[in-house]
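A.B. asks: Sharing a model prediction with you, sequence too.
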Amino acid sequence: EFYEDNVDNKDMILSIDQQFNDELNRNGSIEVYSKYVNEESRLLREGEQPIIGKTKILEYVSNINRQYSFTIIDGNISRIKDFGYVYGTLEITENGKSEQFNYIRMWKNESGNWEIIIELFSPLPN
């Protein structure tokens with residue numbers, strides 16, 4: 001069950017997602033993802049098999065040199081603050097070319113540490 005009326009809790013998950021996005025642009029993919037994924041995490045990308053688990057995710061992101069520009073639209077958090085989700089839009093720039101995506105990131109609170117369960121990037125229609 002997700003809160004409909006508790007702005008503070010909703011702001012918490014939006015803030016966690018924004019922190020991840022900011023760190024990603026400051027510190028690079030491998031360093032940031034290593035703090036926020038575990039063996040149950042999944043990255044879902046158009047046209048690719050799911051990337052599952054910390055080892056595979058870090059392998060995947062280490063081969064990528066991209067700039068990410070996220071715009072959070074909304075999200076919410078469960079009543080007991082153990083799960084949350086955030087969605088928005090994303091522009092990825094690589095080698096001078098930009099692509100537009102929708103994204104959703106589902107988060108799980110593991111003993112006070114928020115970790116990504118699923119991160120999905122879906123291309124916007126041209």
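C.D. replies: Thanks, I have it.
A.B. asks: Counting neighbours, which bits of stretch 82-101 end up buried?
C.D. replies: Phe83, Gly84, Tyr85, Val86, Tyr87, Gly88, Leu90, Ile92, Phe101 (16 or more other Cβ atoms under 10 Å). Every residue, glycine included, has its C-beta placed from N, CA and C.
A.B. asks: what do you get for stretch 16-33?
C.D. replies: Ile16, Asp17, Phe20, Asn21, Glu23, Leu24, Ser29, Val32, Tyr33.
A.B. asks: Confirm the second one sits in a helix?
C.D. replies: Which is Asp17. Yes: per DSSP: H, G, I helix; E, B strand; the rest coil, Asp17 lies within a helix segment.
A.B. asks: Leaving out the residues flanking it, which one is nearest to it?
C.D. replies: Val86 (3.9 Å; Cβ to Cβ, 6 or more residues apart in numbering).
A.B. asks: ok so, going back, show me the two of the buried residues of stretch 82-101 that sit farthest apart.
C.D. replies: Phe83 and Ile92 (26.2 Å; Cβ to Cβ).
A.B. asks: what lines up beside the helix or strand where Ile73 lies in the sheet?
C.D. replies: Assessed by DSSP states H and E, Ile73 sits inside strand 67-77. Here strand 67-77 is paired, per DSSP bridges, with strand 83-94 (antiparallel).
A.B. asks: Please could you give me each C-alpha atom of the partner strand, formatted as CSV?
C.D. replies: What follows is strand 83-94, C-alpha atoms only, in CSV (Å, rounded to 0.1, in the frame of the first residue of the first chain):
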residue,chain,number,x,y,z
PHE,A,83,9.6,0.0,-1.2
GLY,A,84,9.4,3.0,-3.5
TYR,A,85,9.4,3.9,-7.2
VAL,A,86,10.3,7.0,-9.2
TYR,A,87,9.6,7.7,-12.9
GLY,A,88,10.5,10.3,-15.3
THR,A,89,12.3,11.1,-18.5
LEU,A,90,15.9,10.7,-19.5
GLU,A,91,18.2,12.0,-22.1
ILE,A,92,21.3,9.9,-22.8
THR,A,93,24.2,11.4,-24.7
GLU,A,94,26.9,9.2,-26.2
